[in-house]
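In: The sequence isn't on hand, but the structure is:
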């Protein structure tokens with residue numbers, strides 16, 4: 001983890017880990033033995049809008065792409081509950097802006113970005129791959145954290161699994177039903 005103690009850390013970047021109740025999510029969990037099989041990045045504590053790489057169509061896992069997610073859309077919409085965890089990473093305003101601008105810019109040019117299927121297979125077999133425009137969900141989350149200096153990884157980003165993000169110095173904001181978290185957050189507003 002990068003330590004910039006001289007900078008004021010008054011902003012946060014949120015990593016949302018979840019265990020989607022899809023066949024693909026369950027298969028990934030069985031293969032890896034991991035509790036969390038999906039990762040997304042959010043820029044506010046309500047996690048109302050998250051950025052991630054995932055399925056383009058709700059009922060079919062291929063193709064994958066960069067997308068905005070929320071608990072009310074896509075695959076999450078049909079779920080009554082969703083087990084997950086929210087981690088927050090303190091960052092300076094400059095780091096926050098760097099991360100946010102990069103995620104938004106990538107999303108605005110999302111046709112340039114694809115899901116990293118080779119990288120996902122590399123994760124299973126510990127084979128490093130590198131692509132400037134292909135990401136898995138956890139590779140994207142790690143990339144955003146790394147480009148702004150919130151984290152530094154010692155292994156290739158395509159080998160980062162959602163579960164690995166728990167090893168960072170993020171603070172646990174919430175653990176449990178993410179759908180309930182979002183409902184209670186919206187009631188507080």
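Out: Yes, it's here. Fair warning: this is a prediction, and the values are worked out from it, not measured in the lab.
In: Tell me where this protein has strands.
Out: 11-18, 38-42, 50-57, 60-69, 83-91, 114-115, 134-135, 171-177 (DSSP state E).
In: Lowest average confidence across those, which one?
Out: Mean pLDDT is lowest for strand 60-69 among the strands of the chain, at a mean of 66.
In: Also compute the angle for the lengthiest helix in the chain relative to strand 11-18, please.
Out: As assigned by DSSP state H, the longest helix anywhere in the chain is helix 93-108. Counting by axes from the mean of the first three to the mean of the last three CA atoms, to 10 degrees, helix 93-108 lies at 50 degrees to strand 11-18.
In: and the gap between residue 94 and residue 100?
Out: 11 Å (CB to CB, to the nearest Å). In this view, the C-beta of every residue, glycine as well, is placed from N, C-alpha and C.
In: cool, residue 165 as well?
Out: 18 Å.
In: neighbour-wise, which of those two wins?
Out: residue 165 (23 against 18; other CB atoms under 10 Å).
In: Tell me the spacing between the more buried one and residue 109.
Out: Applying CB to CB to residue 165 and residue 109 gives a distance of 25 Å.
In: Tell me, how many residues neighbour residue 49?
Out: Residue 49: 14 neighbours (other CB under 10 Å).
In: how about it, what does it touch?
Out: 42-43, 68-70 (CB atoms under 8 Å, 6 or more residues apart in numbering).
In: quick one: pLDDT of it?
Out: Per-residue pLDDT puts residue 49 at 88.
In: Dihedrals phi and psi, it?
Out: Dihedral angles phi and psi of residue 49 (degrees, to the nearest 10) take the values phi -140, psi 120.
In: do you know how far it is from residue 14?
Out: 11 Å.
In: Find the residues that touch each one of these two.
Out: Jointly contacting residue 49 and residue 14 under the rule CB under 8 Å, 6+ apart are 42-43.
In: which intervals of this structure have sub-threshold pLDDT?
Out: 1-8, 20-33, 55-65, 70-79, 81, 117-127, 186-189 (pLDDT under 70).
In: sorry, back to before: need the winner for burial among the strands of the chain.
Out: Counting by mean count of other CB atoms under 10 Å, strand 38-42 has the highest mean neighbour count of these, with a mean of 26.
In: Next, the angle strand 83-91 makes with it.
Out: Angle of strand 38-42 versus strand 83-91, following the same axes, to 10 degrees, is 40 degrees.
In: Would you list the strands that strand 38-42 pairs with, along with their directions?
Out: Using DSSP bridges, strand 38-42 pairs in its sheet with strand 11-18 (antiparallel), strand 50-57 (antiparallel).
In: Identify all contacting residues around the first one.
Out: So that's strand 11-18. With CB under 8 Å, 6+ apart, strand 11-18 has contacts from 36-45, 47, 50, 82-93, 95-96, 99, 141, 144-145, 148, 150, 162-163, 165-166, 170, 173, 178.
In: how does it look with 6 Å?
Out: For strand 11-18, the external contacting residues (CB atoms under 6 Å, 6 or more residues apart in numbering) are 36, 38-40, 42, 47, 50, 82, 84-91, 93, 96, 99, 141, 150, 162, 165.
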